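**Q** Structure for this input, please:
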Amino acid sequence: GMKPVLLSGEGKELEMKNGKYVDVETGAEVAAGEISKAQVSFRWKDGIFKTFADAARNAYDAAEDKENAPRFVFLVDEINRADLSRVFGELFSLLEEGYRYPNGKDSDFVLLPNGERFSIPKNLYVIGTMNDIDRSVESMDFALRRRFAWKEVKPEDTAADILAQIGR
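**A** Numbers count the residues shown, from 1 in each chain. Predicted coordinates for the structure are as follows:
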């Protein structure tokens, strides 16, 4: 997504390393006086989920046997703590089976603000955990809630029990 970046007076991107600002391109330390002339700008940078989805899609495309393509699991702890409709935006439709890449209908992607096509491949699984005592699940959008299977995991459950529940 859009990420803030600090630009020097000459337009060079700066970042903090070891408590000091440095030029991203050269690694040279920037004088303290130059920081006061810096400006905040925004740049498109791939986030964690996009990078992960791209790796899963590349593995899917490279697999000869698509049914046995390497599986990627993206785990979101306490998924109900965020406003998921805002976090996922229009991507949440891509979580549905019928919209996963590739579906052959040209409805397996969304267009990102930078013009790039983005999709979630069939070999990427999103697992969200939550504490059932926490009632913030009530604030989750129903359109988003229906895109997840709900499984109770008890303290005594083992990994084998959990995998058997989901048919893997």
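
**Q** quick one: furthest residue from the center of this protein?
**A** Most distant from the centre of the chain: G33, at 37.0 Å, with distances by C-alpha atoms, centre = their mean.

**Q** Let me see the contact set for the residue sitting nearest the centre point of the chain.
**A** By C-alpha atoms, centre = their mean, the chain has its centre lying nearest to F49, at 2.0 Å. By C-beta atoms under 8 Å, 6 or more residues apart in numbering, F49 lies in contact with F74. C-beta: built from backbone N, CA, C; applies to glycine.

**Q** Secondary structure element holding it?
**A** helix 48-62 (DSSP states H and E).

**Q** which residues touch the very next helix or strand once past that helix?
**A** The C-terminal neighbour of helix 48-62 among helices and strands, as given by DSSP H and E, is strand 72-76. With contact meaning C-beta under 8 Å, 6+ apart, strand 72-76 is reached by 49, 52-53, 55-56, 59, 123-129.

**Q** cutoff 6 Å now
**A** 52, 56, 123-128 (C-beta atoms under 6 Å, 6 or more residues apart in numbering).

**Q** Report the buried members of those residues.
**A** Neighbour counting with 16 or more other C-beta atoms under 10 Å marks 52, 56, 123-124, 126, 128 as buried within those.

**Q** from the residues you listed, which two are the most distant?
**A** For the buried ones among the contacts of strand 72-76, the farthest-apart pair by C-beta to C-beta is N123 and G128; their separation is 18.0 Å.
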